[in-house]
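Novice: Below: sequence and its predicted model.
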Amino acid sequence: MKFLSIVILIAFVASLSGCASLTEEHKGATTGAAVGAATGAVGGALVAGKGSRTTGAIIGGLVGALVGGAIGHYAYDVKRSRQETANKYNYQPSMGTMVRIEDVSVVPNAVNPGKKVDIKVTYALLVASPTEQISITEIREIRHDGELVGKPEVNVTHVGGTYTSTVPVYLPANAKKGTYTVITTIQAPNAKDSREMTFSVK
């Protein structure tokens, strides 16, 4: 699996703040990300692995029931090539931009406070040109008792194909128990798809 290394350490006090931490060898390659004030977010940077075409930034943070948690290393894996994806969906260029979420999961589905959950999504992406780089926003909206408690967003570029990406969330030791809903949205120019999943804190 290809890895885009990002560590976002999130600390919330009276005012929301935080910092991004990367290993010494990666510092020269970082790209700053914006702060998403609407979610009490803290920004970080993506560091693309060797040969990776994915560039961009991850923004967003954790609030409310997840104050004090952290967002870890973003990772992605190419599941199918553009041609394999086009064959699966009988895609024709006249169909324009296509985004299809194939699977979402939260692993593990039940977790104790202080532990980690991996929020995964597999999605297909196609446009008419086989070489065009497509701007994608991956949004993972986390809610507890109907209230927004986190919204990490990953901005990346991909050529057509099928991808699986993962954003790990480290829960704080005092994370509130109950059911959390994750609404995952993959958004491209002129197309998007969403899927909902839940996990529980015991």
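Specialist: Thanks, I have it.

Novice: where does the protein dip in pLDDT?
Specialist: Applying pLDDT under 70 to the chain flags residues 1-58.

Novice: Now stretch 105-115: buried residues?
Specialist: Within stretch 105-115, the residues that qualify as buried are 105-106, 111, counting by 16 or more other Cβ atoms under 10 Å. C-beta here means a position set from N, CA and C on the backbone, and glycine is covered the same way.

Novice: Nearest to residue 77 among these?
Specialist: Nearest to residue 77 among those is residue 105, at 13.6 Å by Cβ to Cβ.

Novice: would you list every one of the helices in this protein?
Specialist: In order along the chain, the chain carries the following helices (DSSP state H): 82-88.

Novice: one step back: dump the buried residues of stretch 105-115 to TSV, plus distance to residue 180.
Specialist: As requested, the buried residues of stretch 105-115 are exported to TSV (distance: Cβ to Cβ, whole Å):
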residue	distance to residue 180
105	13
106	8
111	10
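
Novice: between those residues, which is closest to residue 98?
Specialist: The shortest separation between residue 98 and any of these is 21.9 Å, and it belongs to residue 105 (by Cβ to Cβ).

Novice: The closest one touches residue 198, doesn't it?
Specialist: No. Using Cβ atoms under 8 Å, residue 105 makes no contact with residue 198, being 10.8 Å away.

Novice: The closest residue to residue 115 other than its chain neighbours: what's it in contact with?
Specialist: Of all residues not flanking residue 115 in the chain, residue 171 sits nearest, at 5.9 Å (Cβ to Cβ, 6 or more residues apart in numbering). Going by Cβ atoms under 8 Å, 6 or more residues apart in numbering, residue 171 touches 66, 69, 111, 113-117, 201.

Novice: Touching stretch 97-107 from outside, list them.
Specialist: Residues from elsewhere that reach stretch 97-107, judged by Cβ under 8 Å, 6+ apart: 89, 91, 117-127, 134, 162, 182, 184, 186-199.

Novice: which of those are buried?
Specialist: Applying a neighbour-count criterion of 16+ other Cβ under 10 Å, the buried members of the contacts of stretch 97-107 are 91, 117, 119-127, 134, 162, 182, 184, 186-188, 191, 193, 195, 197, 199.

Novice: Against the centre of this structure, work out the most remote residue.
Specialist: The centre of the chain is farthest from one residue, residue 94, which by Cα atoms, centre = their mean lies 29.3 Å away.

Novice: could you measure it against residue 127, distance?
Specialist: Residue 94 sits at a distance of 12 Å from residue 127 (criterion: Cβ to Cβ, to the nearest Å).

Novice: since we're on residue 181, how many residues are nearby?
Specialist: 16 (other Cβ atoms under 10 Å).

Novice: now residue 147
Specialist: Residue neighbour count, defined by other Cβ under 10 Å, stands at 10 for residue 147.

Novice: Can you name the residues bridging to it?
Specialist: When bridges are called by DSSP bridges, residue 147 pairs up with residue 144.
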